[in-house]
Structures are given as C-alpha cells and as structure tokens.
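In: Here is a sequence together with a model predicted from it:
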Amino acid sequence: MNWKRGSAVVVMAAVLLALAGASQAAVIDLALLLKNGSFEDAEALDGVTAGVPTDWTVFNSNSSSSAVYNPLPTEGLQAVYGSQYARVTTNATSTLSTWYKLQQADLATAVAGDTYTLTVSVGHIAGVAFSSWAGYNQVQLWVGGTKYYTDITDPGNGLWKEVTVSHTVSEAEAGQAIMVQLMAGNYKGQGARAVAFDIAPAPIPEPATMGLLVLGGVAALLRRRRN
C-alpha cells in the first residue's frame, strides 16, 4: 500500500469514527454552559459579601437574599473552586415562609436522547443554621415547563456535599429550552438560615479529547509518510 492510499484509509477511519460518535446520544455537563458557575463575580474582599452573582437571575419571596461571599482563610467553609461561593440567606418570620432561587435560563435546546446533567456543591456555612424547608431546597433542571430535581439535605456544619440532577430528554421534549435553578427555602418560624452553592467548571468532555487525539495522530502520520 503506497503512502497516499494508506493516508486515505487513515483519514477515512477517522471520519467514520467521528460520525459514529456523533450518531450516539450525548451526555452534556451543564457546568460547561453556565456563566460564572463558581461565583467569582462580583468580586468580594476576604470576609465580605458582594452583590448578586453576575450572570444569574434571582427570584425570591419575602426577605430572602443572595450574595457572592469570599470567606476569610480561617473560616470553616472555603470555596470548592476559586475563592468565592454564593451565599443564599432565607429569613422566615413567625408567620411567613421564604424561598430564593438563583437561575440561568436558555442554556441549551433539548435534543431527544441526550442526557443533561449538573453537579452542584452545597455547603453548610459554619455556625449558621441550614435552610431546611422540605421541597424548597433543590437543584433543579427544567426542560421547557417540566421540572426535574434533586432535593438538598444538610451536609453537616462546615461541610460541602455534591448534589447531582440529571435527565434524558424524550422525543416530546425535544426543542425545549434548558434552564437551571438553585433553590433554598425556610419554613415559617425558623428564623434566618443559609445555604452555600458552588459549581466547579467541568473538564473538557472525553469525546472532544479523543477527537483531538485522532486528528493529531492523522496529521503526524501524514507528515511521516510525506517524509
């Protein structure tokens, strides 16, 4: 086999491999699509809260709030990634419950058969009561008007835990917008409580890495054949 024919075979194999991968259902990590997922903006000084996290939309009921927080190095709960996290405070009165949502909408258009997933680190700020209203502490993934969620439970004082929500899109859901919401709630009479959220950026997906390796290998082979 001469080098031209051999090179054509290698290129064809690479194309077929790429087409085979493209025909399979994908798993999409939404951390790749979020903006400011690790809450590094707005920037805060150590031990200080800044404003509402940049690129996130907020929805809240009475007297609840969120802010980017940069903990002091001596504090019990440090950021999972970077130096800051989102601190959501829910202030329930004796007669009114309260809830709060951080949201990013229109992250993607749902494709039938694809699975969308997101892992969020949820933290219990040391020395602060954890928000605990059942059904109102959730990591939510919306496909159009349908909510898929994982409930959040207390990770323990000064600790983080990972919470993952995932959904495989049906044919009926194809074409709908994908949205993410982080929700904390506090039942009436429980006073002031808080939840910390942080999201580490996702690594480069394996199929993309494989594609780069294949293309690099093909280029190296072609150069070697020509020489």
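Out: The structure has been received and is ready for your questions.
In: can you list the weak-confidence ranges in this structure?
Out: For the chain, the stretches flagged by pLDDT under 70 are 1-23, 204-227.
In: quick one: the strands in it?
Out: For the chain, the strands defined by DSSP state E cover 27-29, 48-49, 57-60, 64-70, 85-91, 98-109, 115-123, 138-143, 146-151, 160-168, 177-186, 192-198.
In: can you list the ones you listed in JSON lines and add mean neighbour count and distance to Ser131?
Out: Placement of C-beta: from N, CA and C, glycine included. JSON lines is the format used below for the strands of the chain (neighbours: other C-beta atoms under 10 Å; distance: least, C-beta to C-beta, whole Å):
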{"stretch": "strand 27-29", "mean neighbour count": "17", "distance to Ser131": "26"}
{"stretch": "strand 48-49", "mean neighbour count": "15", "distance to Ser131": "17"}
{"stretch": "strand 57-60", "mean neighbour count": "14", "distance to Ser131": "12"}
{"stretch": "strand 64-70", "mean neighbour count": "22", "distance to Ser131": "9"}
{"stretch": "strand 85-91", "mean neighbour count": "25", "distance to Ser131": "5"}
{"stretch": "strand 98-109", "mean neighbour count": "18", "distance to Ser131": "9"}
{"stretch": "strand 115-123", "mean neighbour count": "21", "distance to Ser131": "10"}
{"stretch": "strand 138-143", "mean neighbour count": "21", "distance to Ser131": "11"}
{"stretch": "strand 146-151", "mean neighbour count": "14", "distance to Ser131": "12"}
{"stretch": "strand 160-168", "mean neighbour count": "16", "distance to Ser131": "13"}
{"stretch": "strand 177-186", "mean neighbour count": "24", "distance to Ser131": "4"}
{"stretch": "strand 192-198", "mean neighbour count": "23", "distance to Ser131": "4"}
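In: Can I get those strands in CSV including distance to Ser132?
Out: Formatted as CSV, the strands of the chain follow (distance: least, C-beta to C-beta, whole Å):
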stretch, distance to Ser132
strand 27-29, 29
strand 48-49, 22
strand 57-60, 17
strand 64-70, 14
strand 85-91, 10
strand 98-109, 12
strand 115-123, 12
strand 138-143, 12
strand 146-151, 11
strand 160-168, 14
strand 177-186, 7
strand 192-198, 7
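In: of all the ones you listed, which lies closest to Ser38?
Out: Among the strands of the chain, strand 192-198 comes nearest to Ser38, with 6.2 Å by C-beta to C-beta.
In: Grab the nearest non-local neighbour of the most centrally placed residue in the chain.
Out: The residue lying closest to the centre of the chain (C-alpha atoms, centre = their mean) is Ala31, at 3.6 Å. Using C-beta to C-beta, 6 or more residues apart in numbering and skipping the chain neighbours, the partner closest in space to Ala31 is Ala202 (3.8 Å).
In: what's that neighbour in contact with, if anything?
Out: Ala202 makes contact with Asp29, Ala31, Leu32, according to C-beta atoms under 8 Å, 6 or more residues apart in numbering.
In: same question, Glu162
Out: Each residue near Glu162 by C-beta under 8 Å, 6+ apart is listed here: Thr119, Val120, Ser121, Val122.
In: Please consider this matter closed, and thank you.
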